[in-house]
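> Turn this into a structure:
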Amino acid sequence: MGLVTEHAEITDQRLLRGARTRQSVARHAVDVASLEGLGGLSLGRLAADLGLSKSGVQALFVTKENLQVAAAEAAREAFAGAVVEPALASPRGAARLRALVEGWLSYVETPLFPGGCFWAANLPEFDSRPGPVREALVRHQREWRGLLAGELREAVKAGEAGELDPDLVAFQLDAVLWATNIALRVGEKEATARARRILDGFLTP
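From the prediction side, this is the model:
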């Protein structure tokens, strides 16, 4: 029984190390892809950047497509932790909508990823290429717009906004935020103030 237990512990430790390494590679892939796009990722380049063996990274992801999907999911998790989760502490409706937008502005202004918005950098490359990478990118985008629309509905119910189409306004806000990301990347620092004014306009009862 002792040998069996020891073997199980060794196996668990190896699996844990593998999971941690996979997470580290995927997170680094996010930073690289925010600057150069998911299409520019390679197992060899990431291995070299992190001081790992290419064969070890290959064993973790097997294919470039799997690496790209893992990067998209890692970006989604990082975004949720930096933008969505803090906003959930605010009351539903206008306050939470503002918190989500402020979180998003900080996400691109700070920025969380070196190239700014991960989805703005990568969706244009994959929006016409069906497959798991596109699905992962689009799923996040739809979830984000759904969050905005949900808080807009609550704001209307509470009298914090006039009569509006939540899905349409969420679409418009998302477009404004994408434009803000581009403006910030080219040095237009006043872009965040513009985005806030636009949000204020939607939340005028």
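
> any residues touching stretch 166-180, and which ones?
101, 104-105, 108, 117, 120, 141, 144-146, 148-150, 152-153, 156, 191-192, 194-195, 198-199, 202 (CB atoms under 8 Å, 6 or more residues apart in numbering). (Glycine included, C-beta is placed from N, CA and C.)

> Below-threshold pLDDT in the chain: ranges please.
Residues of the chain meeting the criterion pLDDT under 70: 1-16, 18.

> Need the residue closest to the centroid of it.
In the chain, the centroid-proximal residue (CA atoms, centre = their mean) is residue 76; its distance is 3.6 Å.

> Could you give the secondary structure assignment for it?
Classification of residue 76 using DSSP: H, G, I helix; E, B strand; the rest coil returns helix.

> Can you tell me the closest non-neighbouring residue to residue 39?
residue 125 (5.7 Å; CB to CB, 6 or more residues apart in numbering).

> tell me which element that neighbour falls in.
Taking DSSP states H and E as the definition, one finds residue 125 inside helix 118-126.

> Which elements pack onto that helix?
helix 2-36, helix 64-79, helix 132-157, helix 166-185 (3 or more CB pairs under 8 Å, 6 or more residues apart in numbering; DSSP states H and E).

> C-alpha coordinates for the next helix or strand after the longest one, CSV please?
Toward the C-terminal end, the helix or strand that comes next after helix 2-36 (DSSP H and E) is helix 43-50. Written as CSV, here are the backbone C-alpha positions of helix 43-50 (Å, rounded to 0.1, in the frame of the first residue of the first chain):
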residue,chain,number,x,y,z
LEU,A,43,4.9,26.5,-29.3
GLY,A,44,8.6,27.0,-29.9
ARG,A,45,8.6,30.8,-29.3
LEU,A,46,6.6,30.5,-26.1
ALA,A,47,8.9,27.7,-24.8
ALA,A,48,12.0,29.9,-25.5
ASP,A,49,10.4,32.9,-23.8
LEU,A,50,9.7,31.0,-20.7
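
> buried sites along whichever helix or strand comes after helix 43-50?
Sequence-wise, the next helix or strand downstream of helix 43-50 (DSSP H and E) is helix 54-61. By 16 or more other CB atoms under 10 Å, the buried positions in helix 54-61 come out as 57, 60-61.
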